[in-house]
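1. Provided below for reference: sequence and predicted model.
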Amino acid sequence: MRRMFLISSLMLLAVMSCSERQREDRVVERLLSQLTLEEKIGMVHANTMFSSGGVERLGIPSLKYTDGPHGVRWESVDNGWKSLEWGNDACTYLPALSALTATWNRDLARQYGEVLGEECKARGKHVNLAPGVNINRTVLNGRTWEYMSEDPYISAEMAVPYIQGVQSKGVASCVKHFALNSQAWHQYTISSEVDDRTMHEIYMPAFEAAICRAGAMAVMPAYNKVRGKWCSESRWLLDTLLRGELGFDGLVVSDWNGVHNTVETALAGTDVEMGTAIKENGLYAFDKYYFANPLLEKIKDGTVPESVLDEKVRNILRLMHRLDLIGAEPYDTTGMASRLATPAHVEVARKVAEESVVLLKNDCFLPLNPNQYNRIAVIGANADQVFAHGGGSTKLKAKYEVTPLQGLKNLLGPDVVIDYAPGYKLRNKQYVAAYHKFTDEFDMSWPEMVEEAVQKAAAADLVIYVGGLTHEHGMDCEGYDRPDMKLPYRQDELISAVMEANPNTVVVLMAGSPVELGEWHESARALVNCSFIGMEGGNVLADVLFGNVNPSGKLTTTWSMKLSDMPDHAIGEYPGADEKVHFNEGIMVGYRYFDTYGVVPMYEFGYGLSYTDFEYSDLEMEPVWKDGSRYKLSFKVTNIGEVKGKESAQVYVRQNESSAVRPYKELKGFDKVELLPGETKQVTVYLDRRSLSWYDAQKKAWVAEDGMYSVFVGASSRDVRLNGGFEYINH
Ligand code: GLC
């Protein structure tokens, strides 16, 4: 009886979705048939910097896009990037996606997306240009901090709830940048060369999950070329993979200035052209865009069939229908200021920041006891720096931003003397990162600034160093790669000097990409890493250092001992030559490389300490797994310490004997549990056939081979606490 009910309800669902799709198609076809050629052309290119054309007489709105991944960009002028300086568009400045992913908390990713969706809607925007899910192939990429991880599985697992959250609020997510946008160096001209298997196993899964599981309504092709073709004109990417293999039926909107011609791009499958730098008298000439008059001409002369244009318009209308935009009133932006950065939204930003902080080292030094210190020296320019406005296209006008220095003052109050010394001067954009050179102006002051920092450190009971990277060019900033993994501004020397003056030093590195640690690291009593963690970041760092928050963040990108240990440098190719960069490391990205080639990292993927300790036990799994079913494995995690904490338990899988070269192990499951002291919880992870599979480029299929598989359950990719295994039998 129950089975029959299940089958009939599934059939009902199928019929409903089929009729929903039929209804949608009817709406789309009816509108399409009423549009003139010129009106259709107006819809497929920008009519302002952040919108594409509509057709008012048919109730088709102009589609409004906005950045970005961790907050809604301020309102800018129609023709250009300049802010309109509104007084009511300051937003919730959420932690960057590298921070969100470091929480390993899917629920937070959903809440984060909902905040973003609500604020996009309050600002009258239809499409949010995010998330960026490119895999961190080279950690020098200036957008590493903006992306999620070196691992495709966690990128997918965190992107799905994020997108579902955004789209649940009536805003389309535009997942980006498809694909292989892994470096800034020559990104507008270089071709990323990758084999089919690597593409499917490493660089596609996050996009596949975004589209097939989260239903992302839009995709943005990347700036670079792939196999010699710009992404916006690559049939392999946009047709074979995106529309073909992934079955994507949404909107393909170009990156800004990512379109380079009319015919190739129109035929390959980009639907809307945005941001092309074709100007007249210094202004963007939208009617001269490749998809404007030039495309009109190419259709009139038959070079481009009108049916190609119609398909673009269908994709636009389909997205609009799914957002209920057609014939509807524009999104109501009434009371905008009161709908942005609400207490509830800020609370989400704070929770994400709290769970994103990674405790890397702690020699019984943290958490700090506030009653123990009368004078604290806060050293390092990042302590007194705000970051929302930087980083490139993700820049924001935050409602406010609490710096680490302010956060410490907020927490400690007037009874504790806080002495601040920057130790070095930020250049804010003029930083010539490529050479780590100090211009005279800065060199002159550097010794004095170090001396000031050392004196204040020596006079204090405790030193809190807050340094790391910033959004200056050549650090964590779009458009530039870092020259190396080292801390800029000779911070290694500064940290050593400060620690010599006062060994009671906590080092906090704000960095959204891995850093090569100097000699000071060996003797550091405590080391904390966080990315750019949003408007509440300063308060959160203070709460973590003084124990109000127990850190639970874990690395999602490997921190190697040195740059040359990174796979793209060791066996791959970076930055490439002759306008090509070959991803020779293939599937061996990140921990896949370190674990397979036996290279020891400084801090591994999945690593992060807590102020308490966790014990893993009772791994339960069947000895044999029959094909076609999900495979359930469970284990227990116990908090064996004195304070409550959260633990992200990870499940890695290895195929013991494979016909193909495979990474030593791969992340295939995780869950985060909160535990009171002494509390035990059971964690259940489900594997499916895909969890075991590798992509066979010859068969063009995912292959799960019969045989023995090992399971590693642990607190990180190298801290394995439980081992198990099963036999997989295909039927
Ligand atoms: C940028 C970025 C893209 C962003 C777009 C609009 O250059 O590559 O991520 O959404 O332009 O600002």
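-> Looks like it arrived, so ask away.

2. strands along the stretch 601-731 of the chain, start to end?
-> 614-620, 624-626, 631-639, 645-655, 666-675, 680-687, 694-696, 701-703, 707-714, 720-729 (DSSP state E, counting those that start in this stretch).

3. now do the buried residues in the fifth one.
-> Pointing back at strand 666-675 there. Counting neighbours by 16 or more other Cβ atoms under 10 Å, one finds that the buried residues in strand 666-675 are Glu666, Leu667, Lys668, Gly669, Phe670, Asp671, Lys672, Val673, Leu675. C-betas here are computed from N, CA, C, even on glycine.

4. can you check the second one too?
-> Of the residues in strand 624-626, those buried by neighbour count under the rule 16+ other Cβ under 10 Å are Trp625.

5. where exactly do the strands run in the stretch 1-150 of the chain?
-> Using DSSP E, counting those that start in this stretch, strands in the stretch 1-150 of the chain cover 46-48, 51-52, 63-66, 127-128.

6. dump those strands into a markdown table; add mean neighbour count and distance to the ligand as well.
-> As requested, the strands of the stretch 1-150 of the chain are arranged in a markdown table below (neighbours: other Cβ atoms under 10 Å; distance: least, Cβ to the nearest ligand atom, whole Å):
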| stretch | mean neighbour count | distance to the ligand |
| --- | --- | --- |
| strand 46-48 | 21 | 11 |
| strand 51-52 | 22 | 12 |
| strand 63-66 | 24 | 8 |
| strand 127-128 | 28 | 9 |
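
7. re the thing from before, closest to Phe365 out of the strands of the stretch 601-731 of the chain?
-> strand 645-655 (17.2 Å; Cβ to Cβ).

8. re earlier: for the strands of the stretch 601-731 of the chain, state which one has the densest average packing.
-> Of all these, strand 645-655 has the most neighbours on average by mean count of other Cβ atoms under 10 Å, namely a mean of 23.

9. gap between the two ends of stretch 472-480?
-> 9 Å (Cα to Cα, to the nearest Å).

10. that stretch: how far from the chain's middle?
-> 16 Å (Cα atoms, centre = their mean, to the nearest Å).

11. now stretch 642-651
-> The answer for stretch 642-651 is 23 Å, by Cα atoms, centre = their mean.

12. pull the residues that contact it.
-> 104-105, 355, 547, 550, 552, 554, 606, 608, 610-612, 614, 616, 633, 635, 637, 639, 667-677, 683, 685, 687, 711-717 (Cβ atoms under 8 Å, 6 or more residues apart in numbering).

13. which residues of this protein lie near the ligand?
-> Contacts of the chain with the ligand, taken as Cβ under 6 Å from any ligand atom, map to Asp67, Leu129, Lys176, Asp255, Trp256, Ser393.

14. just the helices in the stretch 201-350 of the chain please.
-> Ranges of helices in the stretch 201-350 of the chain, per DSSP state H, counting those that start in this stretch, are 205-212, 235, 263-268, 293-300, 306-322, 336-339, 343-356.

15. one more: the stretch 401-550 of the chain?
-> With DSSP H, counting those that start in this stretch as the criterion, the stretch 401-550 of the chain has helices at 404-412, 440-458, 491-501, 520-523, 537-545.

16. residues touching the residue of the stretch 451-600 of the chain found nearest the ligand, list them.
-> Using Cβ to the nearest ligand atom, Glu478 is the residue of the stretch 451-600 of the chain that sits closest to the ligand, at 6.6 Å. Contacts for Glu478 (Cβ under 8 Å, 6+ apart) come out as Gly142, Arg143, Glu146, Ala184, Gly391, Gly392, Ser393, Thr394.

17. before we move on, what about Asp565?
-> Phe594, Val599, Pro601.

18. repeat for Lys632
-> Applying Cβ under 8 Å, 6+ apart, the residues near Lys632 are Met621, Thr684, Val685, Tyr686.

19. same list (the contacts of Glu478) but as a markdown table, adding pLDDT.
-> Output for the contacts of Glu478, formatted as a markdown table (pLDDT from 0 to 100):
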| residue | pLDDT |
| --- | --- |
| Gly142 | 96 |
| Arg143 | 98 |
| Glu146 | 98 |
| Ala184 | 96 |
| Gly391 | 92 |
| Gly392 | 94 |
| Ser393 | 96 |
| Thr394 | 96 |
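
20. farthest pair within those?
-> The largest distance within these, taken as Cβ to Cβ, falls between Ala184 and Thr394 and amounts to 14.0 Å.

21. how about the residue in the stretch 151-300 of the chain that the ligand sits nearest to, phi and psi?
-> Taking Cβ to the nearest ligand atom, the ligand has its nearest neighbour within the stretch 151-300 of the chain at Trp256, 3.7 Å off. Dihedral pair for Trp256: phi -70, psi 110, per degrees, to the nearest 10.

22. wait, what's in contact with the residue nearest to it when sequence neighbours are not counted?
-> With Cβ to Cβ, 6 or more residues apart in numbering as the criterion, Trp256 has its nearest non-adjacent residue at 2.6 Å, and that residue is Gly275. Gly275 makes contact with Ala46, Met49, Ser254, Asp255, Trp256, Asn257, Gly258, according to Cβ under 8 Å, 6+ apart.

23. so Asp419 sits against Asp461, correct?
-> No. Assessed by Cβ atoms under 8 Å, Asp419 is found out of contact with Asp461, at 10.7 Å.

24. of those two, which one has the most company?
-> The residue with more neighbours, out of Asp419 and Asp461, is Asp419; 17 against 14, by other Cβ atoms under 10 Å.
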